[in-house]
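Peer 1: compute the structure for the input listed below.
(2 chains)
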Amino acid sequence: GESVGLHLPTLSVQEGDNSIINCAYSNSASDYFIWYKQESGKGPQFIIDIRSNMDKRQGQRVTVLLNKTVKHLSLQIAATQPGDSAVYFCADLFMNTGFQKLVFGTGTRLLVSP
Amino acid sequence: EPEVTQTPSHQVTQMGQEVILRCVPISNHLYFYWYRQILGQKVEFLVSFYNNEISEKSEIFDDQFSVERPDGSNFTLKIRSTKLEDSAMYFCASSEARGFAGANTGELFFGEGSRLTVL
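Peer 2: Numbering: from 1, shown residues only, chains lettered A, B, ... in the order given. Modelled structure (predicted):
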């Protein structure tokens, strides 16, 4: 069924550390995944995406890893900064009759202390 | 940078009242969505809209909900008779493309949300 979930509800790190946020999905047919950042009182903001024909994609300070064997993806944030404090959601993009909808995981709160 | 705007930012209403949440998607976008987020929970898909009709809706989007694009810029979500459990943050989103069309992922841009509180 459609299910995207996260292992940890809260992750606390020190400024400058690397952060790793994990996500598991259940639909082996899932083709496309997106990580969103949601700051308090704001809407989800696109961070990075990855398609199922890739196992790694890098952005600016962020890397997403996809392991299709175990249906797991992770978001790595290098040199975490206080401005990275937010809730991070993984989302699975479902295409049905040509229209997309996102199925979001439950979210992980990242707390960055100075 | 273009953005999706939503009004009101917060609305408080009595149970049973009608509520209309408004959104102005990014101007060249063709696909529109409503999502909601109950406090402390994940973001949930409600409905997608294209070419002046609903393209997909979730089980949450029952007969009490409706969407409309009354003019060339606004996209509205109406809840006819609000219930306590409708209290949530409602996010509008839009995308330029259908999504997953070759290299074009049809990235969704979200508004900042409208918080609905039903008393």
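Peer 1: show me where chain B has strands.
Peer 2: Remark: strands assigned in chain B by DSSP state E are B:5-7, B:10-13, B:19-24, B:31-37, B:43-50, B:53-57, B:65-68, B:75-79, B:88-95, B:109-110, B:114-118.
Peer 1: I'd like these as CSV, with distance to A:Ile77 and mean pLDDT appended.
Peer 2: All C-beta atoms are positioned from the backbone trio N, CA, C, and that covers glycine. Formatted as CSV, the strands of chain B follow (distance: least, C-beta to C-beta, whole Å; pLDDT from 0 to 100):
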stretch, distance to A:Ile77, mean pLDDT
strand B:5-7, 28, 96
strand B:10-13, 31, 97
strand B:19-24, 30, 97
strand B:31-37, 22, 92
strand B:43-50, 20, 91
strand B:53-57, 32, 89
strand B:65-68, 36, 96
strand B:75-79, 33, 97
strand B:88-95, 23, 93
strand B:109-110, 20, 89
strand B:114-118, 28, 97
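Peer 1: quick one: B:Phe45 and A:Asp92 touch, right?
Peer 2: No - counting by C-beta atoms under 8 Å, B:Phe45 does not reach A:Asp92; the two are 10.9 Å apart.
Peer 1: and stretch A:106-114, average pLDDT?
Peer 2: Regarding stretch A:106-114, the rounded mean pLDDT is 91.
Peer 1: that stretch: which residues count as buried?
Peer 2: By 16 or more other C-beta atoms under 10 Å in any protein chain shown, the buried positions in stretch A:106-114 come out as A:106-110, A:112.
Peer 1: which strand residues bridge the most centrally placed residue in chain B?
Peer 2: Centroid-nearest residue in chain B: B:Trp34, 2.4 Å away (criterion: C-alpha atoms, centre = their mean). Here B:Trp34 sits in beta bridges with B:Val47, B:Cys92, going by DSSP bridges.
Peer 1: residues of chain B that sit close to chain A?
Peer 2: Proximity of chain B to chain A (C-beta under 8 Å from any C-beta of the partner chain) is limited to residues B:4, B:31, B:33, B:35, B:41-45, B:48, B:50, B:55-56, B:58, B:91, B:93, B:95, B:98-100, B:105-113.
Peer 1: just give me how far the biggest strand by length in chain A sits from the chain centre.
Peer 2: Longest strand of chain A, by residue count under DSSP E: strand A:86-96. Mean-position distance between strand A:86-96 and its chain equals 7 Å (C-alpha atoms, centre = their mean, to the nearest Å).
Peer 1: stretch A:29-49 too?
Peer 2: In terms of C-alpha atoms, centre = their mean, the centre of stretch A:29-49 is set 6 Å apart from its chain centre.
Peer 1: how about the helices in chain A?
Peer 2: With helices called from DSSP state H, chain A shows none.
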